[in-house]
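> What follows is a predicted structure for the sequence shown.
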Amino acid sequence: MKGVVWKYLANPDDQELRDEMGKSGCRVLNPDPDFWGNKFPVWSICGPRVRATLDEGDVLFFTPTLSRSRRAQVPDYLCTGYLVVNEILPDSDSLLSDPRFTDRYKDNYRKDLNKHLKGDPATTRAQRPKRIVLGDRRQSVWFGRRGHPLEVAAKEAGLRKFQIRSRRVRTLDEDESKRLRAAVS
């Protein structure tokens, strides 16, 4: 088990700080991650390279990018939620044929995916529709604006080398992930 921090483009006007954009100029229909559209959280389009590294039991910590945190007037790097990986679907065809997903989610996913694929470089285009992450609904939680700043939580958890301000936050090991998860909860 490992932990990963993902910085996303939160909608600063949304009370729950849901994802607003998949990439510049590409408005998404399903927030990603989506904790609301199905009976379980899903991370399906953003971060294909990170999704490729995940396994069952891994924990994804979500935080708005610094600019979005400031526009939303919330503490920098607020932990808006975490998702504990329960299952990984191999590809978009698996998602689209899975009866656990709502028809609305599937329709929006198809549209969002196609928008992203049009502008993707070849390597990202090949990865984006793969490894759809389904979260454990009992262990995953979305805090929105009620979250705990990750820098503060990392200090409380005794994580000395946690550098949230880096472009890419290093992967946390199992013990670090558990301690950070406890600190943000």
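Sure, I can see it.
> Can you give the distance of the longest strand along the chain from its chain's centre?
Longest strand in the chain, counting residues (DSSP state E): strand 81-91. A distance of 10 Å separates the C-alpha centroid of strand 81-91 from that of its chain, computed with CA atoms, centre = their mean, to the nearest Å.
> for stretch 162-179, same thing?
A distance of 15 Å separates the C-alpha centroid of stretch 162-179 from that of its chain, computed with CA atoms, centre = their mean.
> mind listing what the residue nearest the centre of the chain touches?
The structure's the chain has its C-alpha centroid closest to Pro33; by CA atoms, centre = their mean the separation is 4.5 Å. Going by CB atoms under 8 Å, 6 or more residues apart in numbering, Pro33 touches Tyr8, Asp19, Pro41, Val42, Trp43, Cys46, Leu60, Phe62, Gly81, Leu83, Gly135, Trp142. The C-beta positions use only the backbone N, C-alpha and C, and glycine is treated the same way.
> Can you flag the buried ones in the residues you listed?
Among these, those buried by neighbour count (16 or more other CB atoms under 10 Å) are Tyr8, Asp19, Pro41, Val42, Trp43, Cys46, Leu60, Phe62, Gly81, Leu83, Gly135, Trp142.
> where's the nearest residue to the first one once chain neighbours are set aside relative to Gly158, distance?
Closest residue in space to Tyr8, ignoring its immediate chain neighbours: Asp19 at 5.3 Å, by CB to CB, 6 or more residues apart in numbering. According to CB to CB, to the nearest Å, Asp19 and Gly158 sit 30 Å apart.
> Could you dump the buried ones among the contacts of Pro33 into JSON lines with distance to Ala72 added?
As requested, the buried ones among the contacts of Pro33 are exported to JSON lines (distance: CB to CB, whole Å):
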{"residue": "Tyr8", "distance to Ala72": "12"}
{"residue": "Asp19", "distance to Ala72": "13"}
{"residue": "Pro41", "distance to Ala72": "21"}
{"residue": "Val42", "distance to Ala72": "23"}
{"residue": "Trp43", "distance to Ala72": "21"}
{"residue": "Cys46", "distance to Ala72": "18"}
{"residue": "Leu60", "distance to Ala72": "20"}
{"residue": "Phe62", "distance to Ala72": "14"}
{"residue": "Gly81", "distance to Ala72": "14"}
{"residue": "Leu83", "distance to Ala72": "20"}
{"residue": "Gly135", "distance to Ala72": "23"}
{"residue": "Trp142", "distance to Ala72": "15"}
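> If the residue nearest to Arg68 when sequence neighbours are not counted is in a bridge, with which residues?
Sequence neighbours aside, Ala10 is the residue nearest to Arg68 in space, at 4.4 Å (criterion: CB to CB, 6+ apart). Ala10 has these beta-bridge partners by DSSP bridges: Asp19.
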